[in-house]
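**Student:** fold the following for me, if possible:
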Amino acid sequence: MLEFHLLDEESIPLITPMEKRLFVEDFWSEQQVNNQLVNPRGLNLGVISSKGLVGFAFVSYVLDEAELYQIAILPEVQGCGMATGLLHALEKKLKTLGVVRLMLDVRETNIAAVRLYESFGFVLDGRRKGYYSSPQGREDALLYSYHII
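**Tutor:** Numbering: from 1, shown residues only. Below is the predicted model of the structure:
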């Protein structure tokens, strides 16, 4: 059974190794993770399974809009609906905060994430040319938004 919990500074030792493993090219430092976890406008949810923390999401919100900075699920448990469950949990919490729009950007080559967002109902709003660096050069960011009803 999955549970979704708010994350705090005590979660840093669990999150930082996941950061380095999952975001090899652009992982957040321990200080960046800490800054997000103590951000009064941050919503930080973890996915807990029988194996412990297996995923998380970092969101920041202002007034009625929010931005999804990161969503991560360990590879060994991907494909089980955890990311979709995490998005539903975020949507529910954001709605209680009065947020009506959730935005994000994603690497155009991150096909699994693009499929996740589109299947959830995110709409492609635009593109930032050459936004991300990669070993092959630069790649575009796809800009998505989701209307919270």
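
**Student:** what about the helices in the chain?
**Tutor:** For the chain, applying DSSP state H gives helices covering 12-22, 30-38, 82-96, 111-120.

**Student:** and those helices, which is most packed in?
**Tutor:** Mean neighbour count (mean count of other Cβ atoms under 10 Å) peaks for helix 82-96 among these, with a mean of 17. All C-beta atoms are positioned from the backbone trio N, CA, C, and that covers glycine.

**Student:** tilt between that one and helix 111-120?
**Tutor:** 50 degrees (axes from the mean of the first three to the mean of the last three Cα atoms, to 10 degrees).

**Student:** show me what helix 82-96 is packed against.
**Tutor:** strand 3-6, strand 42-49, strand 52-62, strand 65-73, strand 101-107, helix 111-120 (3 or more Cβ pairs under 8 Å, 6 or more residues apart in numbering; DSSP states H and E).

**Student:** just checking: what are the partner strands of the longest one?
**Tutor:** Paired neighbours of strand 52-62 in the sheet (DSSP bridges): strand 42-49 (antiparallel), strand 65-73 (antiparallel).

**Student:** among those, which is nearest residue 9?
**Tutor:** strand 42-49 (10.3 Å; Cβ to Cβ).

**Student:** please work out which residues outside that closest one touch it.
**Tutor:** With contacts defined as Cβ atoms under 8 Å, 6 or more residues apart in numbering, strand 42-49 is touched by 1-8, 11, 14, 36-37, 53-61, 66, 73, 77, 82, 85-86, 89-90, 93-94, 97.

**Student:** buried ones in it?
**Tutor:** 42, 43, 44, 45, 46, 47, 48 (16 or more other Cβ atoms under 10 Å).

**Student:** cool, and stretch 120-133?
**Tutor:** 122, 132.

**Student:** now it: mean pLDDT?
**Tutor:** Here stretch 120-133 scores 94 as its mean pLDDT.
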